[in-house]
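S.K.: I'll drop the sequence and a predicted model, then ask my questions.
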Amino acid sequence: MQETLEKTRAMVHHLAAVNEILEKNGNDPSRLIPILQEVQEVYKYLSKDVISYVATSLDVPVAHVYGVATFYAHFSLNPKGKHIFRLCDGTACHVKKSMGLLEAIYKKLGLSDEKRTTDDLLFTVEIVNCLGACGLAPVIVVDGEVHGQATPEQVEKIIDEITAAAPKPPPRNPKTSNEGNHIR
Ligand code: FES
């Protein structure tokens, strides 16, 4: 019950932000791409619910919105982490061992080629092509900030700093928790 309530609240919050974006774009179907871009900027990805809602609001088939969302590599249908690591694997960065950086990130965060976002949605790793800064190879961009001649140690330090600054889930209060209590 509580879980359903939480889900409903989350959905209402989602739709309020989507409504704002739709209104700003005049509910104009020809502005579908900028609408999806703005929605993704807010949520970091396009959920099934949001895609259906955008389609209904613009009075276009859901399949059309899916088609656009899957055609452009820029759009993601899977949740992304709050902090995005974009690792360049262009030729210059590859030669300078960009894959060593990737391995260090995977190991530190428990990620792999199949799983590029942490379960707590704090980190996502993406592999991109040449970022145009080959002189600084290997290059990694963390939340928009370019780090050149990056080493595994540097990247691990960045991860540690982000993790340390991230808000921790509140500790459970044993006085208010009924877990393990028996009502007589
Ligand atoms: S190959 Fe990485 S910046 Fe060009």
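M.R.: Sure, I can see it.
S.K.: mind listing what the residue positioned nearest the centre of the chain touches?
M.R.: Nearest to the mean C-alpha position of the chain, by CA atoms, centre = their mean, lies Lys80 at 1.9 Å. The contact partners of Lys80, taken as CB atoms under 8 Å, 6 or more residues apart in numbering, are 44-45, 117, 121, 124. The way it works is simple: take the backbone N, C-alpha and C, and place the C-beta from them, glycine included.
S.K.: and it, helix, strand or coil?
M.R.: Secondary structure of Lys80, reduced to three states by DSSP: H, G, I helix; E, B strand; the rest coil: coil.
S.K.: how near is it to the ligand?
M.R.: Going from Lys80 to the ligand by CB to the nearest ligand atom, to the nearest Å gives 21 Å.
S.K.: repeat for Leu36
M.R.: Remark: distance between Leu36 and the ligand (CB to the nearest ligand atom) = 28 Å.
S.K.: moving C-terminal from the host helix or strand of that residue, which element do we reach first?
M.R.: In the assignment (DSSP states H and E), Leu36 maps to helix 32-43. Per DSSP H and E, the first helix or strand lying C-terminal to helix 32-43 is helix 48-58.
S.K.: flag every residue of the protein that's near the ligand.
M.R.: Within the chain, the positions lying close to the ligand (CB under 6 Å from any ligand atom) are 88, 90-93, 130-134, 137, 139.
S.K.: need the contact list for the residue of the chain found nearest the ligand.
M.R.: Taking CB to the nearest ligand atom, the ligand has its nearest neighbour within the chain at Gly90, 2.5 Å off. For Gly90, the contact set (CB under 8 Å, 6+ apart) comprises 129-131, 134, 137.
S.K.: which of those has the most neighbours?
M.R.: Neighbour counts for the contacts of Gly90 peak at Ala137, which has 21 neighbours (criterion: other CB atoms under 10 Å).
S.K.: farthest pair in the contacts of Gly90?
M.R.: The widest separation within the contacts of Gly90, taken as CB to CB, falls between Asn129 and Ala137 and amounts to 12.7 Å.
S.K.: which residues are common contacts for those two?
M.R.: Counting by CB under 8 Å, 6+ apart, the shared contacts of Asn129 and Ala137 are 88, 90.
S.K.: residue ranges with poor pLDDT in this protein?
M.R.: Across the chain, the ranges flagged by pLDDT under 70 are 1-5, 7-14, 169-184.
S.K.: rerun at 50
M.R.: For the chain, the stretches flagged by pLDDT under 50 are 176-184.
S.K.: quick one, helices of it?
M.R.: Using DSSP state H, the helices assigned to the chain run over residues 2-24, 32-43, 48-58, 62-71, 91-95, 98-109, 152-165.
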